[in-house]
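Engineer: 3D, please:
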Amino acid sequence: MKKLISILFFLFLIQNIYPTKNFKNIYDEISEFTKNELIAVKKNRKWGVVNRDGELLTPLKYDNIREFDDEFVLVNIDDTTSDSNYNSYWRGKWGLLNKNGEEITPIKYSRIEKFGFESRISSDDEFIFINIDDGKLADGYTNLYWRGKWGLINREGREIVPAKYDIILNFSDGLAPVNIGVNGMGERGGSGKNIAYYGGKWGFIDRDGREAIPLKYNDVEHFHDGVAAIIYKNKIGFINKMGREIIPPIYDGDPWSFDYQNFSDGVIKLKLNGKWGFVDKNGKKIGDFIYDYVGNFGGGIAAVHKNKKLGFINKDGKLIVPLIYDPLYDQERDNIYDYEITSILLSEGLVSVILNDKLGFIDKSGKEIIPFIYEPFTSYENVIISYFSEGLAPVLLNGKFGFIDREGKEILPFIYDSHVCLYDYQDYCFKDGKARVHLNGKWGFIDKKGNFTLER
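Structural biologist: Residues are numbered from 1 along each chain as shown. Purely as a prediction, here's the structure:
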């Protein structure tokens, strides 16, 4: 008797926990979602949704149903559209159902997306991208993002931004770049937008959907710390969140590959009439624009190049280290490397430089701290560079690497074939007392006493 009761109880659980088993005789097809508790059911070629109790929450009227996220389900009407230029995945008109099976949007959109144009790198949980297709494509493009107009809805389904923009990018500092009139795209380097968009005008909308900054620029970057780079008439400048040009668009640069996303130490490097210099967030020039190239500020100084020599200036624009050092070269591109003086290189107050083809270390005042006796070597992106971490720096002598301290004393002997800093540009060579090195044909880890542990 107890066994029979157990079997009946098990069957009861199966029927209630997995109610889809009961639908086989009712519907032609069922499909459970993975992210929410709704279940799609189909009968006579039309779809609807039921809950876990089997209660039909919507009429069987949809041509397609697709999971969206843990809150919403995409529903479609009229997916029979025939269009050779359009992916069948988005045929017909689409809307959203909530967990109760209620339509929170009209069934009128050509696409509904969680992500925007930026390679799906970051979504904004507050907004959902919507598209209304006008059948037009930018010349030569078949990517779906180039069809129709884009807007935003909130999580309640309310339209915050009507579908009127060709591009909407993600929000940053409360503002999102938008474009009308774009007619092409291409790849783009740097840490800003990873795609270059050609044509049209750019501006910004706020989180209420208002155009906070008019669409008049040729290109823009995202806002960071209240400032955004803009291109106007092929010149680079900067605006604040009120739209005021704090640095006028008079500076040179490649409009379609520019990457002026971040200030460094409150200033940014710019080019004017073929020469480089620096400008602060108030538009004030830091020194003169006289250099062939410059690096970013870090630790209060920046590297400057002139007449194939390297020196350093401070934030007053004063040359504090004379232009006597050899520039660093990217051997693959055969041009001067952008010597980025950062917290990495100056974390322990010293920076490596080259003089007469020998590597040594100076402090921020230009005083020689470690003599120029070491061999230059190529590391990250084939650039000659060394730096201290946990009190030690790798240097090369007679074709082998060793490690020295901040006084130039040899701490680990010159026996290593390579070290991890050659291949991985990070803020340490030593970390937690260990460094990765190559010794006798094998990679492993050494401690500060030179004890070698084979890498597994």
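Engineer: Only C-alpha atoms from now on, for both contacts and neighbour counts.
Structural biologist: Fine.
Engineer: Find me the pLDDT at residue 437, would you?
Structural biologist: For residue 437, the model assigns a pLDDT of 86.
Engineer: That one: neighbour count?
Structural biologist: With neighbours defined by other Cα atoms under 10 Å, the count for residue 437 comes to 24.
Engineer: and if you look at residue 47?
Structural biologist: Neighbourhood size, residue 47 [other Cα under 10 Å]: 24.
Engineer: Mind telling me what element it is part of?
Structural biologist: When secondary structure is defined using DSSP states H and E, the element that contains residue 47 is strand 46-50.
Engineer: Tell me which residues are up against that strand.
Structural biologist: Counting contacts by Cα atoms under 8 Å, 6 or more residues apart in numbering, the residues outside strand 46-50 that touch it are 38-42, 56-65, 101.
Engineer: Could you identify which of these has the most neighbours?
Structural biologist: Top of the contacts of strand 46-50 by neighbour number is residue 38, holding 27 neighbours under the definition other Cα under 10 Å.
Engineer: so what's the closest residue to that residue other than its chain neighbours up against?
Structural biologist: In this structure, residue 38 finds its nearest non-sequential neighbour in residue 51, 5.1 Å apart by Cα to Cα, 6 or more residues apart in numbering. With contact taken as Cα under 8 Å, 6+ apart, residue 51 is in contact with 37-39, 57.
Engineer: re earlier: can you name the next helix or strand after the strand holding residue 47?
Structural biologist: Going down the chain from strand 46-50, the next helix or strand is strand 64-67, by DSSP H and E.
Engineer: Name the strands paired with that next one and say parallel or antiparallel.
Structural biologist: Pairing partners of strand 64-67, with direction, according to DSSP bridges: strand 73-77 (antiparallel).
Engineer: what's the next secondary structure element after the strand it pairs with?
Structural biologist: Using DSSP H and E, the next helix or strand after strand 73-77 towards the C-terminus is strand 93-97.
Engineer: Convert that following strand to CSV, retaining C-alpha atoms only.
Structural biologist: As requested, the backbone C-alpha atoms of strand 93-97 are provided in CSV (Å, rounded to 0.1, in the frame of the first residue of the first chain):
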residue,chain,number,x,y,z
LYS,A,93,5.7,42.5,-37.1
TRP,A,94,6.8,41.9,-33.5
GLY,A,95,5.8,42.8,-30.0
LEU,A,96,6.5,41.7,-26.4
LEU,A,97,4.4,39.7,-23.9
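Engineer: Work out the gap between the following helix or strand past that strand and the centre of the chain.
Structural biologist: Per DSSP H and E, strand 93-97 leads on to strand 111-113 as the next helix or strand towards the C-terminus. Strand 111-113 sits 22 Å away from the centroid of its parent chain (Cα atoms, centre = their mean, to the nearest Å).
Engineer: Partner strands of the helix or strand following strand 111-113, with direction?
Structural biologist: Proceeding N to C from strand 111-113, the next assigned helix or strand is strand 127-132, under DSSP H and E. Applying DSSP bridges, strand 127-132 is found paired with strand 111-113 (antiparallel), strand 149-154 (antiparallel).
Engineer: Reformat the ones you listed as TSV; add mean pLDDT.
Structural biologist: Formatted as TSV, the entries for these read as follows, by pLDDT from 0 to 100:
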stretch	mean pLDDT
strand 111-113	88
strand 149-154	91
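Engineer: Of those, which is nearest residue 387?
Structural biologist: Evaluated with Cα to Cα, the strands paired with strand 127-132 place strand 111-113 nearest to residue 387, the distance being 45.2 Å.
Engineer: Please spell out which residues along the closest one are buried.
Structural biologist: Across strand 111-113, burial judged by 16 or more other Cα atoms under 10 Å covers 111-112.
Engineer: ok, residues contacting that strand?
Structural biologist: Under the criterion Cα under 8 Å, 6+ apart, external residues in contact with strand 111-113 comprise 90, 93-95, 128-132.
Engineer: Enumerate every residue touching residue 158.
Structural biologist: So, once contact is read as Cα under 8 Å, 6+ apart, residue 158 ends up touching 104-105.
Engineer: pLDDT score assigned to it?
Structural biologist: At residue 158, the model reports a pLDDT of 93.
Engineer: C-terminal to the least confident helix or strand in the chain by mean pLDDT, what's the next element?
Structural biologist: Every helix and strand in the chain was compared by mean pLDDT, DSSP states H and E; the lowest is strand 335-336, with a mean of 46. Later in the chain than strand 335-336, the nearest helix or strand by DSSP H and E is strand 351-355.
Engineer: Many thanks, have a good one.
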